[in-house]
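Student: Sequence first, predicted model second:
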Amino acid sequence: MNHPLDLRLLPSTWHACLRLGFEHGLRGTVLRHCTHTGPLYVQKAFYPEGRDVAHAYLLHPPGGMVSGDHLEVSVSAAPQSHVLVTTPGAGRVYRARADRSLQHLHNHIEVAEQASVEWLPLETIVYPDAQASLNTHISLQAGAKCIAWDVISLGLPASAQPFSSGSLQQTMQVNIQGRLALRERMLLDRQSRDTHAAMAGFQSKPVAGLMIAGPFDIALFNTAPGEELEAALQALCSSTCEGDLAASTVVGQFVVLRYLGHCSNRARQLFTRCWQQLRPALLNRPACEPRIWRT
């Protein structure tokens, strides 16, 4: 005798997709297209610095990912548009279920000619024994610019729960007119577990941050303004709290900043101060923090 399937006994997963399309016209930069499936939303665009720059807040009501979740965010910025995307709170990747299925997050950012996108989410907390795959791919056309950061907090150090099991695959990749310009990849799993404690690895520090900005005209760094920018970024990195590590380097046409330490708030504060230096230099616009950061 066949019995009806009890859906309450099945593990729940979310396959969610959000697609945002921004355009620039007489009214400035507007959110022209917004479609979604599953629990990913943007309510509307905000304009704290005028109509030319649209601020968008990504909303994920479940608050985190469980085993089998697959979230995809696609942002398209048309020519001349300028978009800043952030989140109202930290993302979370929860402890995996017994089936060990991956928790996927894929961000796809397409930036057209002479457009700019700033991708500035709050940190992602990866719980002990999570199975996370976090990928951000940025595609730039001629004259396009981007500033992006990613802060990862491993485990729950405040609760004395280190990331001693589980896996994390993280990638940030930038293509310029279809050609690879920058790729940063981190892999932490059973085979590379020793990397977390190694002096050449994480040094047992739970928070890792990456920030990129570009492409710059390489010639800039041979001029006084470029040297002043580098010096300012290096000074900010040197001012981190004792026990934290931070550095600024120029990789090709990009400025790359890295943080390794014990506090995601300190990582974000450092990156925000660096953003305040980089934004005028790259985008010719003073820094204007999203209002959501003050709540």
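Tutor: It's in.

Student: Tell me what L260 is bridged to.
Tutor: L260 has these beta-bridge partners by DSSP bridges: A208, L245.

Student: What backbone torsions are found at N175?
Tutor: Dihedral pair for N175: phi -110, psi 140, per degrees, to the nearest 10.

Student: which residues touch it?
Tutor: The contact partners of N175, by C-beta atoms under 8 Å, 6 or more residues apart in numbering, come to H137, I138, S139, L140, A181. Where you see a C-beta, it was placed from the backbone N, CA and C, and this is true even at glycine.

Student: Which member of these is positioned nearest E110?
Tutor: E110 has its nearest neighbour among the contacts of N175 in S139, at 5.1 Å by C-beta to C-beta.

Student: distance of the spatially most central residue of the chain from P39?
Tutor: With distances taken as C-alpha atoms, centre = their mean, D150 lies nearest the centre of the chain, 3.6 Å away. Relative to P39, D150 is positioned 21 Å away (C-beta to C-beta, to the nearest Å).

Student: can you check S167 too?
Tutor: In this view, S167 and P39 are 24 Å apart by C-beta to C-beta.

Student: Same check on Q80?
Tutor: Q80 is 32 Å from P39, where distance means C-beta to C-beta.

Student: picking that back up, list buried members of the contacts of N175 by neighbour count.
Tutor: For those, a burial check counting by 16 or more other C-beta atoms under 10 Å picks out I138, S139, L140, A181.

Student: Just put those residues in TSV and tack on distance to I212.
Tutor: Compiled in TSV, the buried ones among the contacts of N175 are given as follows (distance: C-beta to C-beta, whole Å):
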residue	distance to I212
I138	9
S139	14
L140	11
A181	10
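
Student: Can you lay out those residues as JSON lines showing secondary structure, pLDDT and distance to P121?
Tutor: JSON lines is the format used below for the buried ones among the contacts of N175 (DSSP: H, G, I helix; E, B strand; the rest coil; pLDDT from 0 to 100; distance: C-beta to C-beta, whole Å):
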{"residue": "I138", "secondary structure": "strand", "pLDDT": "98", "distance to P121": "13"}
{"residue": "S139", "secondary structure": "strand", "pLDDT": "98", "distance to P121": "18"}
{"residue": "L140", "secondary structure": "strand", "pLDDT": "98", "distance to P121": "19"}
{"residue": "A181", "secondary structure": "strand", "pLDDT": "97", "distance to P121": "21"}
